[in-house]
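> Only the shape, not the letters, is given here:
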């Protein structure tokens, strides 16, 4: 086992070179506990924690290691323990606003190449929720793939596929049935050695079942679906790296009950290219796509090439982003005040 099997490449090698010269080791965060991390290294797996200096200099939650991060460590291999001194720059990250009232970034998975957006083809299929996942996926820097599970439970598969492809905007859509072992070959082009794939989706859509199938063993516990609504019971409780037989790295994640946006202006243009493209032909530059004459977006709705539901979703996400921008401005001011308090406290301590 070498570190390159875990996704280490030239990008991270260059970022780590200065640390390596000073005797540090490299590792990848496979599992996060409360301020403790299981880290994959050349020597196996070590339980690590951040140093006091690291914790002092961390200004916000996103400064701490996340699952998938490459970290600079001092390893005590004989104890299978180590200390984390730095996090290498991230190549990509899937983030959302943390749950609750605070305006903090929660990094769900870092340094991912492909995101499998897993949705089930039973009654739980929700296009509006899928749009939200796509928006954050484009912003992450990774490439999204829509994976539609439980195809064996779907009586109108082609109709459902058409609905999803209507909002996918060029994103690959793969329908599968793990039970019948159908469609899995459509995922193979993305499961390449050294590449990292994150499984994202709501509770009960089949992420753990898919993980077990790809791994070839019961790594994740799976519960039967409820007969009342065809929804699976969510069992994954934490994010974790899993090394697949083909050599790719998989990150299975718990189902997300909340998926609040985080810095997604760029992703909005990718996810809603149809609306933003049509808006360029509106008569008025500040068109709200409501009652204005010459609105190209409303014209597409009338012609049936765009749905009112998709436009409403676009407007809702725009409002969320505007609100988030205002909250982040206030948060930035608060962080600056906290930073200066730390500096002042350090100066006073030196004087004493």
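Looks like it came in fine. Remember, predicted model here, so these are calculated numbers, not experimental data. Numbering: from 1, shown residues only.

> could you check the distance from the residue most central in space within the chain over to residue 199?
Nearest residue to the geometric centre of the chain (Cα atoms, centre = their mean): residue 94, 3.0 Å. Noted for residue 94: a distance of 11 Å to residue 199, by Cβ to Cβ, to the nearest Å. Glycine gets a C-beta too; all of them are placed from N, C-alpha and C.

> returning to what we had before: wasn't the residue nearest to the centre of the chain part of a strand?
Yes. Checked against DSSP: H, G, I helix; E, B strand; the rest coil, residue 94 lies within a strand.

> Hmm, it is touching residue 111, no?
No. Using Cβ atoms under 8 Å, residue 94 makes no contact with residue 111, being 10.2 Å away.

> can you pull out the strands in the stretch 151-300 of the chain?
Under the criterion DSSP state E, counting those that start in this stretch, strands of the stretch 151-300 of the chain are mapped to 173-175, 196-200, 240-243, 249-252.

> Ok, which of those strands comes nearest residue 23?
strand 240-243 (25.5 Å; Cβ to Cβ).

> So which residues make contact with the closest one?
Residues from elsewhere that reach strand 240-243 (Cβ atoms under 8 Å, 6 or more residues apart in numbering): 5-6, 28-31, 40, 67-68, 211, 215, 219, 249-252.

> Among these, name the ones in helices.
211, 215 (DSSP state H).

> Most widely separated two among the contacts of strand 240-243?
Counting by Cβ to Cβ, the most remote pair of these is 29 and 215, 19.4 Å apart.

> Look at these two and report which has more neighbours.
residue 29 (25 against 16; other Cβ atoms under 10 Å).

> What pLDDT is listed against the closest residue to residue 51 other than its chain neighbours?
Using Cβ to Cβ, 6 or more residues apart in numbering and skipping residues adjacent in sequence, the residue nearest residue 51 is residue 83, 5.1 Å away. Looking at residue 83, its pLDDT stands at 97.

> does residue 83 sit in a helix, a strand or a coil?
Residue 83 - assigned by three-state DSSP - is strand.

> Confirm for me that it is in contact with residue 46.
No. Judged on Cβ under 8 Å, residue 83 makes no contact with residue 46 at a distance of 9.7 Å.

> Mutual contacts of those two, please.
residue 73.

> okay, the two: which has more neighbours?
A count of neighbours by other Cβ under 10 Å puts residue 46 above the other of residue 83 and residue 46, at 23 against 18.

> Name the SS class of that one, please.
Secondary structure state of residue 46, per three-state DSSP, is strand.

> From residue 75, how far out is it?
Counting by Cβ to Cβ, the gap from residue 46 to residue 75 is 6 Å.

> Likewise for residue 93?
25 Å.

> Let me see the contact set for the residue nearest to residue 51.
48, 49, 50, 51, 73, 74.

> What's the separation between it and residue 304?
Counting by Cβ to Cβ - residue 83 and residue 304 are separated by 61 Å.

> Residue 142: how many residues sit nearby?
Here the number of neighbours of residue 142 (other Cβ under 10 Å) works out to 21.

> OK, contacts around it?
Here residue 142 is in contact with 92, 94, 112, 113, 114, 115, 198 (Cβ under 8 Å, 6+ apart).

> now the residues you listed as CSV including distance to residue 122 and pLDDT?
What follows is those, written out as CSV (distance: Cβ to Cβ, whole Å; pLDDT from 0 to 100):
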residue, distance to residue 122, pLDDT
92, 31, 93
94, 25, 87
112, 27, 95
113, 29, 95
114, 24, 96
115, 22, 94
198, 23, 93
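
> Buried only: go through the residues you listed for me.
Among these, those buried by neighbour count (16 or more other Cβ atoms under 10 Å) are 92, 94, 112, 113, 114, 115, 198.

> Of these, just say which sits nearest to residue 184.
Out of these, the member with the shortest distance to residue 184 (by Cβ to Cβ) is residue 114, at 15.3 Å.

> For the stretch 251-352 of the chain, which segments count as helices?
For the stretch 251-352 of the chain, the helices defined by DSSP state H, counting those that start in this stretch cover 265-271, 273-279, 296-303, 308-351.

> now the stretch 1-150 of the chain
10-20, 52-57, 127-140.

> from memory residue 19 sits against residue 74, does it?
No. The criterion here is Cβ under 8 Å, and residue 19 misses it with residue 74 at 10.2 Å.

> Thanks again, I'm all set now.
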